[in-house]
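Chemist: Fold the stuff below for me.
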Amino acid sequence: MLNKKTLFISLFTLALVVILSFTIFFIWSQNTFEVIDADQIEMEEVIEPEDGWCIYRAENAEKGLILYPGAKVEPEAYGYLAQELSNQNITVAIPSVRLNLSILAVSKADEMIGSNHSIEWYMSGHSMGGAAAAMYFDQHLARVNGLILLGAYAASNDYLSESNLPALSISGSEDGLSTPEKIKKNSPNLPETTDFIEIPGGNHAYFGVYGSQSGDIEAQITVSEPQEIILELIVDWLENDHSLSEEE
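Modeler: Residues are numbered from 1 along each chain as shown. So this is what the prediction gives:
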């Protein structure tokens, strides 16, 4: 049987390990990927966070995209894509998430959807943000109208894979994190109606504008090229009854 002194030392050591582990994790989560200046990427204005959201509003928008950021990626890194989508009359809302990890804030979309009933909302996300968006979509099929994954894949789920709701998966041939193999392996977790589009030469980091990322593969194209391709694909998909021709 442990005496009081031994028990105290054991509990103190355990508490110290927990505190130290959380401190290391917290420091790691705050070492984020920030937006960078890039050739041919022109921002019209910097959108400041508003109640935990960076919102790129389109006047009289009928459709809106909630875009969950990738792990430790600042919302502003998706600002160019959001800006250009808003210029196409699509409102885009990018949340700031707990510890910069969307997987810890899956229900964040409730805030935006609940306060903007006039907009037809779609879920989207990059990397871990895509996985979180798919999780939200799986549990709220009646609240959102479709799912767009950017360099991401869905985990096993309860309802999403069996639904006939529209989904779009955009990936990169040089993605070292959400690799083409992982996209294919996890494709059964999405509806059979899903459109799968791979960007030749695109990598993981180029779904945003935040520079390089450990574990990724060097892209064979400039960052502006996949940004424009992603923009065109999303706009066409939303405008053409959620379908893309094989030629695209």
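Chemist: where exactly do the strands run in this protein?
Modeler: Along the chain, the segments classed as strands by DSSP state E run 53-56, 63-68, 90-95, 120-126, 147-150, 167-172, 195-199.
Chemist: Could you identify which of those is most buried?
Modeler: strand 147-150 (a mean of 29; mean count of other C-beta atoms under 10 Å). C-betas here are computed from N, CA, C, even on glycine.
Chemist: Below-threshold pLDDT in this structure: ranges please.
Modeler: Applying pLDDT under 70 to the chain picks out residues 1-2, 241, 243, 245-248.
Chemist: one step back: could you export the strands of the chain as CSV, including distance to Val18?
Modeler: Shown next, in CSV, are the strands of the chain (distance: least, C-beta to C-beta, whole Å):
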stretch, distance to Val18
strand 53-56, 32
strand 63-68, 28
strand 90-95, 28
strand 120-126, 30
strand 147-150, 35
strand 167-172, 38
strand 195-199, 42
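Chemist: Now do the same contact list for the nearest residue to Ile148 once chain neighbours are set aside.
Modeler: Spatially, and ignoring its direct neighbours in sequence, Ile148 is nearest to Ser124 (4.0 Å; C-beta to C-beta, 6 or more residues apart in numbering). Ser124 makes contacts with Leu65, Ile66, Leu67, Tyr68, Gly130, Ala133, Leu147, Ile148, Leu149, Leu150, as judged by C-beta atoms under 8 Å, 6 or more residues apart in numbering.
Chemist: Phe25 too?
Modeler: By C-beta under 8 Å, 6+ apart, Phe25 lies in contact with Leu99.
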